[in-house]
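A.B. asks: next input, structure requested:
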Amino acid sequence: MKIFIVDDHYMVIEGIRAMLQQEQGIEWAGQAMNGASCLALAKQLPDIILMDIHLPDINGVELCRQVKALYPSVFVIGLSTFNQYTFIQKMMENGASGYVLKNASREELLEAFGEVMKGRAYLSLDVSRELHKPAEDDTPVLTRRELEVLRLIAEGLTNQEIADKLFVSSTTVNTHRKNLLAKFKAKNTATLIGMAVRGKVI
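C.D. replies: Numbering: from 1, shown residues only. Below is the predicted model:
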């Protein structure tokens with residue numbers, strides 16, 4: 001099996017590669033740290049792409065859709081730190097064959113690879129439990145930065161405090177805040193936070 005990974009954290013890539021390098025039947029097909037590179041390199045047709053959900057240039061849901069449209073024979077397994085209903089559901093709707101968390105063991109990854117190569121869907125136990133919980137309908141898909149800003153808003157930080165924490169301008173934070181309000185169709189910040197909590201986004 002040729003395995004490719006896209007993740008913007010080098011330590012995650014190296015950790016998974018080290019975990020798999022001694023496994024017979026596993027070939028490391030390459031890596032990317034953003035969606036654009038993934039799309040370019042996926043033309044080499046790995047068997048499986050382990051795909052981070054929060055990438056700097058595109059979210060994993062949209063990247064998964066594009067990969068499956070261009071390379072339908074490639075299996076995609078979502079990879080995330082967050083056990084978030086919305087992303088799990090929408091990744092699967094957009095063609096992913098599985099979803100695992102970044103704390104997955106070697107054995108779990110190998111099981112996931114084996115299952116998707118047989119044409120079956122694979123969800124880790126925690127992910128499967130989350131998927132069977134009721135969730136708010138039409139919860140929007142957020143970029144990684146929007147999710148960071150949303151969590152800091154929920155902590156009560158001002159635009160300037162968030163800007164200082166994320167090393168961006170307060171204007172950028174205000175743009176993210178406006179985008180979040182628009183995506184959730186929320187009238188104000190209090191409504192935004194309430195909707196995000198009900199939708200299990202935070």
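A.B. asks: list the contacts of stretch 173-180.
C.D. replies: Surrounding stretch 173-180, the residues in contact under the criterion Cβ atoms under 8 Å, 6 or more residues apart in numbering are 142, 145-146, 149-150, 153, 159-160, 162-163, 166, 186, 189, 192. Using the backbone N, CA and C atoms, a C-beta is placed for each residue, glycine as well.
A.B. asks: any of the residues you listed buried? List them.
C.D. replies: Buried subset of the contacts of stretch 173-180 (neighbour count, 16 or more other Cβ atoms under 10 Å): L142, R145, E146, V149, L150, I153, N159, I162, A163, A186, L192.
A.B. asks: mind putting these into a markdown table with pLDDT?
C.D. replies: Supplementary listing: the buried ones among the contacts of stretch 173-180 in a markdown table, determined by pLDDT from 0 to 100:
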| residue | pLDDT |
| --- | --- |
| L142 | 84 |
| R145 | 89 |
| E146 | 89 |
| V149 | 93 |
| L150 | 93 |
| I153 | 92 |
| N159 | 93 |
| I162 | 94 |
| A163 | 95 |
| A186 | 88 |
| L192 | 88 |
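A.B. asks: now, which of the contacts of stretch 173-180 lie within helices?
C.D. replies: When these are checked against helices (DSSP state H), the matches are R145, E146, V149, L150, I153, N159, Q160, I162, A163, L166, T189, L192.
A.B. asks: chain neighbours aside, what residue packs nearest to the fifth one?
C.D. replies: Yep, that's I153 we're talking about. Leaving out its chain neighbours, the residue that sits closest to I153 by Cβ to Cβ, 6 or more residues apart in numbering is T189, at 6.3 Å.
A.B. asks: residues contacting that neighbour?
C.D. replies: Residues in contact with T189 (Cβ under 8 Å, 6+ apart) are I153, R177, L181.
A.B. asks: and of the ones in helices among the contacts of stretch 173-180, the nearest to A42?
C.D. replies: Compare each of the ones in helices among the contacts of stretch 173-180 with A42 using Cβ to Cβ and the shortest gap goes to R145, at 23.9 Å.
A.B. asks: list the contacts of that closest one.
C.D. replies: With contacts taken as Cβ under 8 Å, 6+ apart, R145 has the following neighbours: L166, H176.
A.B. asks: from S169, how far off is it?
C.D. replies: Separation of R145 from S169 (Cβ to Cβ, to the nearest Å): 13 Å.
A.B. asks: any chance of CSV for the contacts of stretch 173-180, columns distance to R106?
C.D. replies: Below are the contacts of stretch 173-180 laid out as CSV (distance: Cβ to Cβ, whole Å):
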residue, distance to R106
L142, 30
R145, 31
E146, 32
V149, 34
L150, 33
I153, 37
N159, 43
Q160, 44
I162, 37
A163, 40
L166, 34
A186, 42
T189, 43
L192, 40
